[in-house]
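[1] Predicted model and sequence below, questions to follow.
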Amino acid sequence: MQLFDAPALRVNAPGCWDERLTIDLVLTDTEEQYRLQLRNGVLTYTSALQDAAPDATIRVTTPALQALASTAATPDHLRHAGAQIEGDPSALQRLLMTLDAPHPNFAIVTP
C-alpha cells in the first residue's frame, strides 16, 4: 500500500536504530488489516496475520486515514477523525518521531 511506503522512505534509520514497535492498522470500512513494524531503523508493513500482540491498534475508516496521511496524524488527530486507539498510544508518537520532514525542494525529476 503506497500509503505506508512514503513514510518508510522518511525514517531516520540511524536515529531510531534501537526503536522497536508494532502498530496494527484496521480499516473498519473494508475490513483490511495491516501491521506496521519498525525494527533496526526500517519501517515495514504486512497484511499477513500475526501471532504476537502489537504495541497499539488503530481502527479507522479508509477515507479518514487518507485525510490524515496529508497531516501529522497524532493520536489527537486520529481520535478527532473518529479513530479508536487501543494499547499504547505513545507507539504512534514514537513512530512519528522517527520520520524526517520531507524536503520541500526535492527534485523528483531532474533534466
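    Done, it's in.
[2] And the helices in the protein?
    Here the chain has its helices, by DSSP state H, at 2-9, 62-69, 75-80, 90-97.
[3] Which one, of those, ends up nearest to L25?
    helix 62-69 (7.5 Å; Cβ to Cβ). C-beta coordinates here come from the backbone N, C-alpha and C atoms, glycine included.
[4] Okay, now the unreliable bits of this structure?
    1, 67-75, 103, 106-108, 111 (pLDDT under 70).
[5] still on that earlier bit, out of the helices of the chain, nearest to V26?
    With Cβ to Cβ as the measure, helix 62-69 is the member of the helices of the chain nearest V26 (10.2 Å).
[6] of the helices of the chain, which approaches D55 most closely?
    helix 90-97 (4.0 Å).
[7] So what does A52 look like in phi/psi?
    The phi/psi pair for A52 (degrees, to the nearest 10) reads phi -70, psi 150.
[8] Quick check: it vs E31, distance?
    For A52, the distance to E31 equals 21 Å [Cβ to Cβ, to the nearest Å].
[9] Make TSV from the helices of the chain and add mean neighbour count to it.
    Shown next, in TSV, are the helices of the chain (neighbours: other Cβ atoms under 10 Å):
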stretch	mean neighbour count
helix 2-9	12
helix 62-69	15
helix 75-80	14
helix 90-97	17
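[10] A8: what's it in contact with?
    Residues in contact with A8 (Cβ atoms under 8 Å, 6 or more residues apart in numbering) are 42-45.
[11] switch to 10 Å and redo it
    36, 38, 42-45, 99 (Cβ atoms under 10 Å, 6 or more residues apart in numbering).
[12] for A13, same thing?
    Contacts of A13 by Cβ under 10 Å, 6+ apart are 38, 40-43, 98, 100.
[13] Let me see the ranges of the strands in the protein.
    Secondary structure of the chain by DSSP state E: the strands cover 21-27, 32-39, 42-46, 56-60, 84-87.
[14] Could you look over the ones you listed and pick the most buried one?
    Mean neighbour count (mean count of other Cβ atoms under 10 Å) peaks for strand 56-60 among these, with a mean of 21.
[15] Sheet partners, orientation included, of it?
    Here strand 56-60 is paired, per DSSP bridges, with strand 21-27 (parallel), strand 84-87 (antiparallel).
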